[in-house]
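In: need a structure here:
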Amino acid sequence: MNQLTLVIGNKNYSSWSLRPWLAIKKIGLDFTEVRIPLYTPESRQQLLQHSPVGKVPVLHHGEVTVWESLAICEYIAENFEPNLWPEDKMARAIARSVSNEINIKIILMFNIKFKDLDLPKL
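Out: Model prediction:
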């Protein structure tokens, strides 16, 4: 089988990168992790070398390139065992609904770059 390569940003800034990384780890797949430091002068050029849209995460699997965290998770669920989604159709529909709800409405706390916050000095 072709090697999986997951291109991600800083896990502490990019929950979108963390999401497929956790999914792949959860089911125990072997993969290569390529981490591109975000918010550097070189970031954009490095991202474009791996991603057709210049963003992370991106999964490379042989000739297949998948970007966007939930699309990567769906690809992993369709192509590898154990499946990430519940077997039962009703439970699977609920799990997908919750995943999309989280994807749309919740930003993980560590998406904040703390160094850019104007925090009071103690």
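
In: I'd guessed Asn83 sits against Ala77; true?
Out: Yes - the pair formed by Asn83 and Ala77 meets the contact definition of CB atoms under 8 Å, at 5.3 Å. All C-beta spots, glycine's among them, are computed from the backbone N, C-alpha and C.

In: these two - which one has more neighbours?
Out: It is Ala77, of Asn83 and Ala77, that has more neighbours when counted by other CB atoms under 10 Å, with 17 against 13.

In: looking at this, that one is in a strand?
Out: No - read with DSSP: H, G, I helix; E, B strand; the rest coil, Ala77 is helix and lies in no strand.

In: so what's it closest to, chain neighbours aside?
Out: Using CB to CB, 6 or more residues apart in numbering and skipping the chain neighbours, the partner closest in space to Ala77 is Leu84 (4.2 Å).

In: out of everything not next to it in sequence, what's closest to Asn100?
Out: Leu70 (7.1 Å).

In: residues near the one you found, how many?
Out: Neighbour tally, Leu70, other CB under 10 Å: 16.

In: kindly report the same for Met90.
Out: 8.

In: could you say which helix or strand contains it?
Out: Taking DSSP states H and E as the definition, one finds Met90 inside helix 89-105.

In: which ones are touching Val64?
Out: Contact analysis of Val64 by CB atoms under 8 Å, 6 or more residues apart in numbering lists Tyr75.

In: please report phi then psi for it.
Out: Backbone torsions of Val64, given as degrees, to the nearest 10, read phi -90, psi 130.

In: now Gln3
Out: phi -70, psi 140.

In: got the contact list for the helix holding Met90?
Out: 69-70, 73, 85-86.

In: any of these buried? List them.
Out: By neighbour count, with 16 or more other CB atoms under 10 Å, these hold 69-70, 73, 85 as buried.
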